[in-house]
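K.L.:
Structure for the following, please:
(one chain, ligands or ions: 1)
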Amino acid sequence: MEHSLTIYNTLTRKKELFVPLHAPHVGMYVCGPTVYGDAHLGHARPAITFDILFRYLKHLGYQVRYVRNITDVGHLEHDADEGEDKIAKKARLEQLEPMEVVQYYTIRYHQAMTALNVLPPSIEPHASGHIIEQIELVKEILANGYAYESEGSVYFDVEKYNKAYHYGKLSGRNLDDVLNTSRTLDGQEEKHNPADFALWKRAQPEHIMRWPSPWGEGFPGWHCECTAMGKKYLGAHFDIHGGGMDLIFPHHECEIAQSVASQGDDMVHYWMHNNMITINGQKMGKSYNNFINLDEFFHGTHPLLTQAYSPMTIRFFILQAHYRSTVDFGNEALQAAEKGLARLTDAAAALHRIAPASASTVDVASLRAKCYEAMNDDLNTPIVIAHLFDASRIINNVLAGNDTLSAADLKELKEIFDLFCFDLLGLQTEITSNAGREESFGKVVDMLLEERMRAKANKDWATSDKIRNELTALGFEIKDTKEGTEWKLNK
Ligand SMILES: [Zn+2]
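P.N.:
Numbering: from 1, shown residues only. This next block holds a predicted model:
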């Protein structure tokens, strides 16, 4: 597996050559959604970012086990250690079983991901299905002396851990920073130190989601699931852990602390984080009234949207920025993305209409290498897209009769579009509207008639008759005129 893929490791703060621990296998874990509401852009970006990595690693020849979890218990409001469980709250408000909420939003999440052409992960474990593994993790941390029990809950002893190891090595924070920003909330007197975080929480009498444990009935702390499930499915040491930048602290910092405190060392080799999304320059949030979920984008039903944007427009727009840069969503930018995507897919479709010439007047030889170079540079998708736009310009010039392409170059361009545009970036030609469907249908008939013209020119009467007869049998009326062939569909 010769390749020069480099990825930016948040832990070392530099780009590193990707060398898996156990080639040809690659283990990759990405934090999935907390399923208590519809998926929004904040879910789309990590899903698409790590979908690109998943596709590229497989293309390079690796056998990738991609684990992306479903958080269905333990994630409390404001990502805190006190307050209501997000899923339990939704269930209470809507008078549903928590697992009804989980099922409903998990299905909706999968539908949105399918629309965005995000490949399903290899394993999608639920936190609630791995309570035993999480209890084992807590026991190990307790046994090693880095946690304490308090009033039926178990907390991680951050101060003690920080004396032996480095709490804050991923986020760059030190314990004093953490203490200064830790809020004092109800129930915090159970903690020895405000920086400590919950590994296991005692369930209040009204709490529905609860499991027996050595410390009484309760539920796991939010950070435990990823450590426990990552280890279960990818082993004590695995290659890549990803997620949004907002998860670096506290979630991923706490995951590192949990793995070091339980097994003595770090589980993860490369930590990767995608940057955040803003809307019209503003942070996305319920209080800004700019919280647009994916369905609202797909149907144009949010007041901030002037039209609907297809899933592929959203995917393309996200890929037009490098995953470590911020992305600002606005109508104008999305409309530009919509046009850009159409330019690419139109050019790819036009490739099939170009007749090869004896020689090329343009150079396409370096294009493939340039696209690989961009992918290898920490998945630089905007550069790949820029190269594909260069290729589109070549195609349009050939169509306009200004340039020519040899059969070999034509084949090369088709392969480049198939590989980079469709397979690796995961873009798709969209036929969403009726007009779009009719146009595509018309193009197919045109293509067949062009084939027939070519057959006639080559005196291949058998093929030209076959095309004509079969189209006639399907109800098409074909008329040869001086200007060319006309057709209509008789109903
Ligand atoms: Zn996680």
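
K.L.:
pLDDT wise, what is residue 449 at?
P.N.:
As predicted, residue 449 sits at a pLDDT of 88.

K.L.:
begin at 21 from here
P.N.:
Okay, residue one is now 21; in that scheme the one you just asked about reads as residue 469.

K.L.:
List the buried residues in the strand or helix carrying it.
P.N.:
Using DSSP states H and E, the element containing residue 469 is helix 454-477. Of all the residues in helix 454-477, those buried under the rule 16 or more other C-beta atoms under 10 Å are 465, 468-470, 472, 475-476. Every residue, glycine included, has its C-beta placed from N, CA and C.

K.L.:
what residues does this protein put near the ion?
P.N.:
With C-beta under 5 Å from the ion as the criterion, the chain meets the ion at residues 51, 246.

K.L.:
what about the residue of the stretch 121-270 of the chain found nearest the ion, neighbour count?
P.N.:
Residue nearest to the ion within the stretch 121-270 of the chain: residue 246 (3.4 Å; C-beta to the ion). Residues near residue 246, counting by other C-beta atoms under 10 Å, number 29.

K.L.:
quick one: contacts for residue 190?
P.N.:
By C-beta atoms under 8 Å, 6 or more residues apart in numbering, residue 190 lies in contact with 30-31, 268-269, 272-273, 276, 291.

K.L.:
Kindly report the same for residue 381.
P.N.:
When contacts are taken as C-beta under 8 Å, 6+ apart, residue 381 is in contact with 423-424.

K.L.:
and it, that one's in a helix?
P.N.:
No: counting by DSSP: H, G, I helix; E, B strand; the rest coil, residue 381 is not part of a helix but coil.

K.L.:
Quick check: it vs residue 347, distance?
P.N.:
38 Å (C-beta to C-beta, to the nearest Å).

K.L.:
Over to residue 276?
P.N.:
Where residue 347 is concerned, residue 276 sits at a distance of 27 Å (C-beta to C-beta).

K.L.:
tell me the mean pLDDT over stretch 405-414?
P.N.:
Averaging the model's pLDDT scores along stretch 405-414 yields 97.

K.L.:
Check which residues of it are buried.
P.N.:
Buried residues in stretch 405-414, counting neighbours by 16+ other C-beta under 10 Å, are found at 405, 407-408, 411-412, 414.

K.L.:
Kindly report the same for stretch 398-407.
P.N.:
Applying 16+ other C-beta under 10 Å to stretch 398-407 flags 398-401, 403-405, 407 as buried.

K.L.:
thinking again about what came up before, the helix holding residue 469: how far from the chain's middle?
P.N.:
Its chain's C-alpha centre and that of helix 454-477 lie 36 Å apart, by C-alpha atoms, centre = their mean, to the nearest Å.

K.L.:
doesn't residue 94 make contact with residue 245?
P.N.:
Yes: if you go by C-beta atoms under 8 Å, residue 245 and residue 94 touch, sitting 6.6 Å apart.

K.L.:
Mutual contacts of the two, please.
P.N.:
Common neighbours of residue 245 and residue 94, using C-beta under 8 Å, 6+ apart, are residue 147.

K.L.:
Who has more neighbours out of those two?
P.N.:
Of the pair residue 245 and residue 94, residue 245 is the one with more neighbours under other C-beta under 10 Å, namely 30 against 25.

K.L.:
ok, now how distant is the more buried one from residue 264?
P.N.:
16 Å.

K.L.:
Residue of the stretch 271-420 of the chain nearest the ion, please.
P.N.:
Residue of the stretch 271-420 of the chain nearest the ion, by C-beta to the ion: residue 271 (5.5 Å).

K.L.:
pLDDT at that residue, what is it?
P.N.:
Note on residue 271: pLDDT of 96.

K.L.:
can you pull out the strands in the stretch 371-511 of the chain?
P.N.:
Here the stretch 371-511 of the chain has its strands, by DSSP state E, counting those that start in this stretch, at 496-501, 504-509.

K.L.:
ok, the nearest residue to residue 400 once chain neighbours are set aside - contacts?
P.N.:
In space, and not counting its chain neighbours, residue 400 is closest to residue 394: 4.4 Å by C-beta to C-beta, 6 or more residues apart in numbering. Listed by C-beta under 8 Å, 6+ apart, the contact partners of residue 394 are 400-401, 403-404, 407.

K.L.:
Please identify which of those residues is nearest to residue 110.
P.N.:
The nearest member of the contacts of residue 394 to residue 110, counting by C-beta to C-beta, is residue 401 at 34.4 Å.

K.L.:
Pull up the gap between the residue nearest to the closest one when sequence neighbours are not counted and residue 425, please.
P.N.:
Leaving out its chain neighbours, the residue that sits closest to residue 401 by C-beta to C-beta, 6+ apart is residue 339, at 4.3 Å. The gap separating residue 339 from residue 425 is 27 Å, by C-beta to C-beta.

K.L.:
just for the chain, where's the confidence low?
P.N.:
202-208, 306-307, 451-459, 511 (pLDDT under 70).

K.L.:
do that again at 90, thanks
P.N.:
For the chain, the stretches flagged by pLDDT under 90 are 21-23, 56-57, 93-117, 194-210, 224-229, 299-311, 372-373, 449-470, 473, 488-511.

K.L.:
quick revisit: can you redo the buried residues of helix 454-477 as CSV with distance to residue 63?
P.N.:
CSV is the format used below for the buried residues of helix 454-477 (distance: C-beta to C-beta, whole Å):
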residue, distance to residue 63
465, 40
468, 42
469, 45
470, 44
472, 48
475, 51
476, 54
